[in-house]
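J.: turn this into a structure:
(4 chains)
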There are 2 protein chains.
Amino acid sequence: MTKEKIFQAALRLFARKGFEATSIRDIALEAEVTSSTLYHYMKTKEDLLVAIMQEGLQTLLGNAKEVLAELEAPEQQLAAFVQLHVTSHAIDKLTALVVDTEFRALTGNTRVEIVRLRSEYELLWQRILTGGLEGGVFTIENTKLAVLALLQMCTGVAHWYSPDGPNSLEEISLNFSDMALALVQAKRNGKQLTVSDLDLPEPARFFMKPWLGAAAHEHS
Amino acid sequence: MTKEKIFQAALRLFARKGFEATSIRDIALEAEVTSSTLYHYMKTKEDLLVAIMQEGLQTLLGNAKEVLAELEAPEQQLAAFVQLHVTSHAIDKLTALVVDTEFRALTGNTRVEIVRLRSEYELLWQRILTGGLEGGVFTIENTKLAVLALLQMCTGVAHWYSPDGPNSLEEISLNFSDMALALVQAKRNGKQLTVSDLDLPEPARFFMKPWLGAAAHEHS
DNA sequence: TCGAGTCGATCGATCGATCGATAGGTTGCT
DNA sequence: AGCAACCTATCGATCGATCGATCGACTCGA
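T.: Take a look at the predicted model:
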């Protein structure tokens, strides 16, 4: 379908060159249509960006909420959140990059809407850390700063992950979970917890719904 | 001086709107000169970007090397690196943002040069972690992944830090050092180390050389 | 008098967006 | 069945605006 082709083309180009550096004609060429045809499916170039970002954030948020519904222990929730975030950002690298780097290009109400989605997601992390802190499982001086640190560290995966790299996604995902548990000093009986102590349902990204760019990943 | 005014204007606009979204005329307007005058001081728009990125990375790299020359213990080096990186990225937020987000806009040889600087900096972190691992002070499964995680987590500060925020730069810097030490599970006599155990020379950012945007920070 | 600094005017290229035209498919009326 | 009306998808041509960059001319202190 033409519409999907246009969205995928825009996604690739926005991720590779950035929103501002990508012209309408670039997208049209990549999607194999004329630039006029684009305007049959969208109103403005920014609409394409908004659609990509909303799709990405809403999927992530939805999956995150499912994780919270399935797991109760804060250390389990944290590990699963890290795995979800890391896995999403690796599998759907393109969407993740656009969401994380092209926020600037948004204007008006959509900007507000995207901020709202991101804040809602951050709040879930905040609650996990607060839960672990109150339960005495985590040791954190400042939950707000810890959330920012954890999110940033997991988000970064989208910038360097490659399926051809030295580490498999499985390894990276587990490794990042362990680093996150270490960062918040997750302990049980005075002993540092690792992800293998948590017997998470196999594997945590079981929860992941299909995801805009995931399809592109399979087909490429 | 006009040249400095132009660079500061470009820095502000690149950081706020991004390189591609910033026009020559935008910079000229912000610097209070005509667009023709810009070309008396530079050859292309990209030259401005390159100058900003080189200045930023070289300063950071220079300061990092001084830290390594002054401190020997890996746990001290790590804490000082985190403080240096966090403090730089907070004080000179604009340069840090440009360095971290506008790499895409570079072309040709300059791109290679910037990659080289960044790799050199990453290598210093890598060596610190390897040192701490061999000394039995750190517990890390994968140093490469840990470096990426730590760097990303510290770099993120530039995206949200504000001098008017709830946490002082001092607090943030110390807090991030502690989180980094926790992430690598830095221990002495089986006890988790915090930055206050390390008696670092007061304060670690003493090592910081003046820095392009730092001047702008003072004057604003 | 000469070079550094600045300007207004302007270049060709490209930008995001719109236009009217057209081909093909579907619907609805007779 | 036949035909008119409408709809969707696409196109080439083109709009005014803006892009990065260049040019020659002017100013003014050394």
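
J.: pretty sure A:Asp92 contacts A:Ile52?
T.: No: counting by CB atoms under 8 Å, A:Asp92 does not reach A:Ile52; the two are 10.5 Å apart. For glycine as for every other residue, the C-beta is placed from the backbone atoms N, C-alpha and C.

J.: who has more neighbours out of these two?
T.: The neighbour count for A:Asp92 versus A:Ile52, taken as other CB atoms under 10 Å in any protein chain shown, is higher for A:Asp92 (27 against 24).

J.: list the contacts of the closest residue to A:Val33 other than its chain neighbours.
T.: The shortest distance from A:Val33 to any non-neighbouring residue, by CB to CB, 6 or more residues apart in numbering or on different chains, is to A:Thr2 (6.5 Å). When contacts are counted by CB atoms under 8 Å, 6 or more residues apart in numbering or on different chains, A:Thr2 is found next to A:31, A:33, A:37, A:41.

J.: ok, A:Thr2 to B:Ile91 distance?
T.: Separation of A:Thr2 from B:Ile91 (CB to CB, to the nearest Å) stands at 49 Å.

J.: which among the contacts of A:Thr2 gets closest to B:Leu148?
T.: Of all the contacts of A:Thr2, B:Leu148 sits closest to A:Ala31, with 33.5 Å by CB to CB.

J.: which positions in chain A make contact with DNA strand D?
T.: Residues of chain A lying close to DNA strand D by CB under 7 Å from any atom of the strand are A:2, A:33-37, A:40.

J.: neighbour-wise, which of those residues leads?
T.: Going by other CB under 10 Å, A:Val33 tops those with 17 neighbours.

J.: hang on, isn't A:Leu145 packed against B:Ser173?
T.: No: using CB under 8 Å, A:Leu145 makes no contact with B:Ser173, being 10.5 Å away.

J.: of these two, who's got more company?
T.: Comparing A:Leu145 with B:Ser173 by other CB under 10 Å, the one with more neighbours is B:Ser173, at 24 against 20.

J.: state whether that one is indeed within a helix.
T.: Yes: membership of B:Ser173 in a helix is supported by DSSP: H, G, I helix; E, B strand; the rest coil.

J.: stretch A:127-134 close to chain B?
T.: No: if you take CB under 8 Å from any CB of the partner chain as the test, stretch A:127-134 misses chain B, and the best it gets is 11.8 Å.

J.: how about the CA coordinates for that stretch, as CSV?
T.: C-alpha atoms of stretch A:127-134 as CSV (Å, rounded to 0.1, in the frame of the first residue of the first chain):
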residue,chain,number,x,y,z
ARG,A,127,6.8,4.7,40.4
ILE,A,128,8.9,1.6,40.1
LEU,A,129,11.9,3.2,41.7
THR,A,130,9.8,4.7,44.5
GLY,A,131,8.2,1.3,45.1
GLY,A,132,11.6,-0.4,45.3
LEU,A,133,12.9,2.3,47.6
GLU,A,134,9.9,2.0,50.0
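
J.: residues in contact with stretch A:5-19: which ones?
T.: Applying CB under 8 Å, 6+ apart, the contact partners of stretch A:5-19 are A:22, A:26-27, A:30-33, A:38, A:41-42, A:45, A:48-49, A:51-52, A:93-95, A:97-98, A:101-102, A:105, A:212-213, A:216, B:18, B:20, B:104-105.

J.: again, only using 7 Å
T.: A:22, A:26-27, A:30-31, A:38, A:41, A:48-49, A:51-52, A:94-95, A:97-98, A:102, A:105, A:213, A:216, B:20, B:104 (CB atoms under 7 Å, 6 or more residues apart in numbering or on different chains).

J.: could you list which of the residues you listed also contact DNA strand C?
T.: Here is what survives when those are matched to DNA strand C using CB under 7 Å from any atom of the strand: A:22, A:26.

J.: quick check: residues of chain A near chain B?
T.: With the criterion set to CB under 7 Å from any CB of the partner chain, chain A comes near chain B through A:17-18, A:20-21, A:101, A:104, A:141-142, A:145-146, A:148-149, A:152-153, A:156, A:160, A:167, A:172, A:175-176, A:178-179, A:182-183, A:185, A:192.

J.: and these, which are buried?
T.: Buried members of those, counted by 16 or more other CB atoms under 10 Å in any protein chain shown: A:18, A:20-21, A:101, A:104, A:142, A:145-146, A:148-149, A:152-153, A:156, A:172, A:175-176, A:178-179, A:182-183, A:185, A:192.

J.: restricted to strands, list the residues you listed.
T.: A:Gln192 (DSSP state E).

J.: could you look up the SS state of A:Ile140?
T.: Secondary structure, three-state DSSP: A:Ile140 is coil.

J.: next helix or strand past the host helix or strand of A:Leu38?
T.: Assessed by DSSP states H and E, A:Leu38 sits inside helix A:35-41. Next helix or strand after helix A:35-41 toward the C-terminus (DSSP H and E): helix A:45-70.

J.: tell me the average confidence for that following helix?
T.: Averaged over helix A:45-70, pLDDT sits at 95.

J.: pLDDT below threshold where in chain A?
T.: Applying pLDDT under 70 to chain A flags the ranges A:202-220.

J.: could you chop it up by domain?
T.: What automatic domain parsing lists as the domains of chain A is A:1-42, A:50-219.

J.: dump the residue contacts of A:His85.
T.: If a contact means CB under 7 Å, 6+ apart, then A:His85 has A:Cys154 as its contacts.

J.: state the distance from it to A:Lys191.
T.: 26 Å.

J.: likewise for A:Glu20?
T.: Distance, A:Glu20 to A:Lys191, using CB to CB: 50 Å.

J.: go on, A:Thr37?
T.: 61 Å.

J.: ditto for A:Val50
T.: In this view, A:Val50 and A:Lys191 are 47 Å apart by CB to CB.
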